[in-house]
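Participant: Below is the sequence, then the predicted model.
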Amino acid sequence: MALYNARKGFNVGLTVGGINLNRGFHVIAGPCSVESAEQINAVAAHLAGKGVRILRGGAYKPRTSPYSFQGLAESGLRFLSDAARANGMISISEVMDAESLPAVAERVDILQVGARNMQNYSLLKKLSQVSKPVLLKRGMSATIEEFLLAAEYVLQGNDRIILCERGVRSFEPLTRNMLDLAGVALLRELSHLPIIVDLSHSTGRTDIVTPLAQACVALGAEGIMVEVHPNPSAALSDADQALSFDDADCMLEAIEPWVELRTRLEAQRERSEGRARSTSTIVTAASSGAQRAR
Ligand code: PEP
Ligand code: MN
């Protein structure tokens, strides 16, 4: 596979707003679309109170139908960034084209490239020139190699990139897309880039998000993305997959012991790797000393 900058071991950490995305388990949550200042403030205040630090919300929406809600554009960005700031969070929103890139880059902390734009190479080239981190979603029918090569476009000039698995198109009608957890495991083997798993767009449902979130912790993903709405049935987009505040609270509570266990296991591994490294240094020094003595 022709990877240059996305390969494992190339980079060591992506920090945004004081959050190191290469360490720990991060939850990105918020509504599919920013619908009003009141709506996004309510979501931000609730989630921040539960320890969520990254607020999502679409202002420019890629909708299948031109008759569906298209997003609040610049005012949506303003509502999102104000709500994030007021609640001590950082923000992420989708950039759909070069035209809206300056407005999105000015307002939000992380720029999201949607599944439909993963192969929009002119947009990816533009994003290689910006100083903000980019979350790149996997295209609906993209292979792992195509996904990583799309990331390479951004990496030409911008090394702050996050991969996002959001499921691929399949024959299964009961889930919106097919979540490729094998792909996530593989991406972690192939690349150093942080990986977020979008459990809302991959499943299109709310009832299986919690066990999948636990699986993502166990798998070693850097985090998950979920859609949360104060009144899911009234959401202007993706109502079927929006978690209510109660759903979100239950999910966050259910992953806590898993995150704690992972943190403990990682610390244990780092300690034993550190011990192995210092032992091998002693062995090497001792054997070179022995060689000199001979
Ligand atoms: C989104 O996250 O708002 C979105 C539209 O997702 P995707 O690009 O994965 O369909
Ligand atoms: Mn959505």
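Facilitator: Yes, it's here. Residues are numbered from 1 along each chain as shown. Ligands and ions are numbered 1, 2, ... in the order given.
Participant: hey, let's count contacts and neighbours off CA atoms from now on
Facilitator: OK.
Participant: For the closest residue to residue 89 other than its chain neighbours, which residues are in contact?
Facilitator: Closest residue in space to residue 89, ignoring its immediate chain neighbours: residue 53 at 4.7 Å, by Cα to Cα, 6 or more residues apart in numbering. Contact analysis of residue 53 by Cα atoms under 8 Å, 6 or more residues apart in numbering lists 26, 27, 28, 47, 88, 89, 90.
Participant: Now neighbour count and pLDDT too, for those, in a markdown table please.
Facilitator: Below are the contacts of residue 53 laid out as a markdown table (neighbours: other Cα atoms under 10 Å; pLDDT from 0 to 100):
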| residue | neighbour count | pLDDT |
| --- | --- | --- |
| 26 | 22 | 98 |
| 27 | 21 | 98 |
| 28 | 23 | 98 |
| 47 | 25 | 98 |
| 88 | 17 | 97 |
| 89 | 21 | 98 |
| 90 | 24 | 97 |
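Participant: Mind checking which of these are in strands?
Facilitator: 26, 27, 28, 90 (DSSP state E).
Participant: close enough to count as contact, the second one and residue 221?
Facilitator: No. Look at residue 27 against residue 221 with Cα atoms under 8 Å: they stay out of range, at 10.9 Å.
Participant: what comes up buried for stretch 35-52?
Facilitator: By 16 or more other Cα atoms under 10 Å, the buried positions in stretch 35-52 come out as 35, 39, 40, 41, 42, 43, 44, 45, 46, 47, 48, 52.
Participant: can you tell me which helix or strand the third one belongs to?
Facilitator: Using DSSP states H and E, residue 40 falls within helix 37-49.
Participant: And for residue 249?
Facilitator: Following DSSP H and E, one finds residue 249 within helix 245-293.
Participant: Could you list every helix and strand that that helix packs against?
Facilitator: helix 209-219 (3 or more Cα pairs under 8 Å, 6 or more residues apart in numbering; DSSP states H and E).
Participant: The helix it packs on - what's its average pLDDT?
Facilitator: For helix 209-219, mean pLDDT rounds to 98.
Participant: just stretch 131-143 next, same as before
Facilitator: For stretch 131-143, mean pLDDT rounds to 97.
Participant: buried set for that stretch?
Facilitator: 132, 133, 134, 135, 136, 137, 138, 139, 140, 142.
Participant: Nearest to ligand 1 among those residues?
Facilitator: Ranked by distance to ligand 1 (Cα to the nearest ligand atom), the buried residues of stretch 131-143 are led by residue 137 at 5.9 Å.
Participant: Now do the phi/psi pair for the closest one.
Facilitator: Torsion angles at residue 137 (phi, psi; degrees, to the nearest 10) stand at phi -90, psi 150.
Participant: That one against residue 163, yeah?
Facilitator: Yes. Using Cα under 8 Å, residue 137 is in contact with residue 163, at 6.2 Å.
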